[in-house]
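J.: one predicted model, sequence on top.
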Amino acid sequence: MSTSSKSAVSLVSLFSQLAILVLLAMLLASCGKKESATTASGTPAAKPWNQSDAESEYRLIKAELSLAEAKKPYLVLNFPRKFVELRLNGVLVWEFPMELIETDQSDLNDFSHDFLGPKGTLMRPILEKHLFASQGLTPDSVLAIISEATNVNAELLQRELPSRFQLLWAGGLTLDVRTDVEGKPKSKFQNTLADIKQAITRPLGREVIILKMPRESALTLYRATLPGLPTLVIPA
């Protein structure tokens, strides 16, 4: 074969490859348009894979597995669902929706961000619990429900109905739970100190989430959340 013939064959091969590439590009563009049209018509398009999201999901699964293997209750702040949960062995045993008062979605986002911190910490133990006020005795029927939900002997549970209490984590992060119970202050001095501490830390960027709960749900959460209880945050 002559040199000119070889050149011609090479050019044909090159143009063939270019044609294939152009055809592929057209097909991809066509698929993209169809996908956009499908999305516009109401059918959701497939979410593109995101490495960062995949890594976050993997870390969350690992964190929950380690908590489930401990075979002990743990608290979950499920911000995407806006639920406070208690889980045991990875199974949901109690939950209540976050009924926010004096706070909003931005506070949930900030709390979630501060809880994770620069290292992306998904688990932290409760450091403190403060009961502001309580009332009377809890009926045995309510204690039986709490006992079943928390896997704690009903005879070991105290009977005070909380009016208001706080759960605190490292860095001043606070969950403030309030009920409709007209309770008596446990200690006016300690309550004043707690309020002053919150007033100081909140302007410094320490987030406080304030929730409203019915008395029975608040009692369940209060009795189940002792200092040291692991808390898992599902980020907002």
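T.: Nice, I can see it.
J.: report the buried residues of stretch 123-137.
T.: Under the neighbour-count criterion of 16 or more other Cβ atoms under 10 Å, stretch 123-137 has Arg124, Ile126, Lys129, His130, Leu131, Phe132, Ala133, Ser134 buried. Yep, even glycine has a C-beta here, placed from its N, CA and C like the rest.
J.: please identify the helix or strand for the residue nearest to the fifth one when sequence neighbours are not counted.
T.: Nearest residue to Leu131, sequence neighbours excluded (Cβ to Cβ, 6 or more residues apart in numbering): Phe165, at 4.7 Å. Element membership for Phe165, per DSSP states H and E: strand 161-168.
J.: and the next element down the chain from that strand?
T.: Next along from strand 161-168, by DSSP H and E: strand 174-178.
J.: mind listing residues that contact that following strand?
T.: With Cβ atoms under 8 Å, 6 or more residues apart in numbering as the test, strand 174-178 has contacts from 77, 84, 101, 162-168, 198, 201, 206-213, 218, 221-222.
J.: from the residues you listed, keep the buried residues only.
T.: 77, 84, 162-168, 198, 201, 206-211, 213, 218, 221-222.
J.: would you map the strands across the chain?
T.: Taking DSSP state E, the strands of the chain run over residues 74-78, 83-88, 91-97, 123-125, 128-135, 161-168, 174-178, 184-185, 208-212, 230-234.
J.: Gln105: which of these is closest?
T.: Comparison of the strands of the chain against Gln105 by Cβ to Cβ identifies strand 208-212 as nearest, at 10.9 Å.
J.: show me where the chain has its helices.
T.: 3-40, 51-69, 105-116, 140-150, 188-201, 215-224 (DSSP state H).
J.: which strands or helices does the last one pack on?
T.: If you count contacts as 3 or more Cβ pairs under 8 Å, 6 or more residues apart in numbering; DSSP states H and E, helix 215-224 packs onto strand 83-88, strand 91-97, helix 140-150, strand 161-168, strand 174-178.
J.: quick one, the fourth one and strand 230-234 angle?
T.: Inter-element angle recorded for strand 161-168 and strand 230-234: 80 degrees (by axes from the mean of the first three to the mean of the last three Cα atoms, to 10 degrees).
J.: show the average pLDDT along strand 161-168.
T.: What strand 161-168 shows for mean pLDDT is 90.
J.: pairing partners for that strand, with directions?
T.: strand 128-135 (antiparallel), strand 174-178 (antiparallel) (DSSP bridges).
J.: that strand to strand 83-88, inter-axis angle?
T.: 90 degrees.
J.: how about the third one?
T.: Angle, helix 140-150 to strand 83-88, by the same axes, to 10 degrees: 70 degrees.
J.: how does the protein divide into domains?
T.: Following automatic domain parsing, the chain resolves into domains at 1-45, 68-234.
J.: follow-up on the earlier one: specify the beta-bridge partners of the residue nearest to Leu131.
T.: Here Phe165, judged by DSSP bridges, has bridge partners Leu131, Val177.
J.: burial check on Leu100, number of neighbours?
T.: Per other Cβ atoms under 10 Å, the neighbour tally for Leu100 reads 15.
J.: and it, what does it touch?
T.: Contacts of Leu100 by Cβ under 8 Å, 6+ apart are Asp107, Leu108, Ile209, Ile210, Leu211, Lys212.
J.: redo that, cut-off 10 Å
T.: By Cβ atoms under 10 Å, 6 or more residues apart in numbering, the residues touching Leu100 are Lys82, Asp107, Leu108, Ile209, Ile210, Leu211, Lys212.
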